[in-house]
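Undergrad: pasted the sequence and its predicted model underneath.
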Amino acid sequence: MKYKISGLWILYLLLPSCLIADDIVRKEYSFDVSRRKPLRIRLEIDAGKIEIEPSRDARKISLNFRFDDDRHELSVDFDEDDNYLRVYFDVDKWFMDHDDGDGLSARIIVKLPTEVPILIECKTKASQCDIELGGLKIREFELHVLAGETSVAFSRPNRDKIEELEIDIKLGEIRIEKLGNANFKYANINGVVGSLIVDLTSDMDIMNDREIDIDLNIGETRLYLPENEAIRFSVSKFLFFSSLDIPSDFYKRGKYYYSDNYDNSKYKTKLSISPGIGTLDIRIR
């Protein structure tokens, strides 16, 4: 038996997908920022794929959003007098995601100006973050992720100094590339469950002492330490539930491990590492 489907029925069957496609909207914003004071940025994003990267413009910040208009609420506010950008991106219906096959309908791209000092704070609940800050003038950086995959890179030296850098993720993977290029004094990196990979190498000479706290409760911690820098670190492990792999380049004195050049170097890096329940793998790069 053969069945005939009329053109009206074909239109009816295709209609839901057309409506879904129409729900996806794109919005773009661009602001000229002042050089008279630092640019402050506060991003609060419920979920989505987030990309933060340098712009080609010296004093312009641009934002590009792609999202399901039926599920998300967007608010963008830029105060020219205070040089302050606030972005709120909320999810109203978490279980009705009209995605395009990769699981998340929302995309957020933020491009940062190259010639203005920047203080940035980003909070997200469920996301995939890909953040490149190399070559910018970052003065403060704070990132809080409830769940997701997070990548932060300083592929080129930071052209400002960060007093305090903070990265915190509750569930998922953190990967930090060329952290030594961030030009920071203190860094606090935390994870609860997942994996943590930190590359501390750099393309610049250290110009001050640095302190780093690294803490992962459950999972794998891997550190890449620069070969020629003066480094001291301590490890707080959770009884016999932790597995440690420490290279022979370091010698132990008391509760600390030292690089051979530590005592004779002007500037030093001090690490406090808590691998929790899991593995700690330290490598020289």
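TA: It's in.
Undergrad: what residues are up against the residue nearest to the spatial centre of the chain?
TA: In the chain, the centroid-proximal residue (CA atoms, centre = their mean) is Val152; its distance is 4.2 Å. Counting by CB atoms under 8 Å, 6 or more residues apart in numbering, Val152 touches Cys129, Ile131, Leu133, Leu143, Ile167, Ile174, Arg175, Ile176, Glu177. From N, CA and C alone the C-beta is placed, and that goes for glycine too.
Undergrad: wait, is it part of a helix?
TA: No. Looking at Val152 with DSSP: H, G, I helix; E, B strand; the rest coil, it is strand, so not inside a helix.
Undergrad: contacting residues around the closest residue in space to Val87 that isn't next to it in sequence?
TA: Closest residue in space to Val87, ignoring its immediate chain neighbours: Leu43 at 4.9 Å, by CB to CB, 6 or more residues apart in numbering. With contact set as CB under 8 Å, 6+ apart, Leu43 has these partners: Ile50, Val87, Phe89, Val110, Ile120, Glu121, Cys122, Lys123, Thr124.
Undergrad: which parts of the stretch 51-200 of the chain are helices?
TA: Counting by DSSP state H, counting those that start in this stretch, the stretch 51-200 of the chain forms no helices at all.
Undergrad: that older thread, quick check, nearest of the contacts of Val152 to Phe250?
TA: Ile176 (20.8 Å; CB to CB).
Undergrad: roughly how far does the closest one sit from Leu165?
TA: Taking CB to CB, to the nearest Å as the measure, Ile176 and Leu165 are separated by 10 Å.
Undergrad: about what we covered before: is the residue nearest to the centre of the chain bridged to anything, and to what?
TA: With DSSP bridges applied, Val152 shows beta-bridge pairing to Ile131, Ile176.
Undergrad: now do it, the pLDDT please.
TA: Predicted confidence (pLDDT) for Val152: 98.
Undergrad: quick one, domains of the chain?
TA: Domain assignment for the chain by automatic domain parsing gives 24-118, 133-285.
Undergrad: please produce TSV containing the contacts of Leu43, extended by pLDDT.
TA: TSV is the format used below for the contacts of Leu43 (pLDDT from 0 to 100):
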residue	pLDDT
Ile50	96
Val87	98
Phe89	95
Val110	98
Ile120	98
Glu121	98
Cys122	97
Lys123	96
Thr124	94
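Undergrad: of those residues, which pair is most distant in space?
TA: Largest pairwise distance in those, by CB to CB, is 15.3 Å, between Phe89 and Ile120.
Undergrad: now Ile109. Nearest residue, chain neighbours left out?
TA: Asn64 (4.3 Å).
Undergrad: any idea how far that neighbour lies from Gly134?
TA: Relative to Gly134, and taking CB to CB, Asn64 is found at 20 Å.
Undergrad: more neighbours, those two?
TA: Higher neighbour count among Asn64 and Gly134: Gly134, with 19 against 15, using other CB atoms under 10 Å.
Undergrad: now do the more buried one, the pLDDT please.
TA: pLDDT, Gly134: 97.
Undergrad: contact partners for it?
TA: Contacts of Gly134 by CB under 8 Å, 6+ apart are Pro54, Ala153, Phe154, Ser155, Arg156, Pro157, Asn158, Lys178, Asn181.
Undergrad: buried members of those into PyMOL, please.
TA: Per 16 or more other CB atoms under 10 Å, the buried members of the contacts of Gly134 correspond to this PyMOL selection:
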select buried, resi 54+153+154+156+157+158+178+181
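Undergrad: pick out the most distant pair among the contacts of Gly134.
TA: Pro54 and Lys178 (14.2 Å).
Undergrad: sketch out the low-pLDDT regions of the protein for me.
TA: 1-22, 93-105, 237-242 (pLDDT under 70).
Undergrad: circling back to that earlier point, can I get the contacts of Leu43 in JSON lines including neighbour count?
TA: JSON lines is the format used below for those (neighbours: other CB atoms under 10 Å):
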{"residue": "Ile50", "neighbour count": "24"}
{"residue": "Val87", "neighbour count": "20"}
{"residue": "Phe89", "neighbour count": "21"}
{"residue": "Val110", "neighbour count": "23"}
{"residue": "Ile120", "neighbour count": "22"}
{"residue": "Glu121", "neighbour count": "15"}
{"residue": "Cys122", "neighbour count": "22"}
{"residue": "Lys123", "neighbour count": "16"}
{"residue": "Thr124", "neighbour count": "24"}
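Undergrad: where do the strands of the stretch 151-285 of the chain begin and end?
TA: Taking DSSP state E, counting those that start in this stretch as the test, the strands found in the stretch 151-285 of the chain are 162-177, 184-199, 210-225, 231-245, 250-253, 256-259, 269-284.
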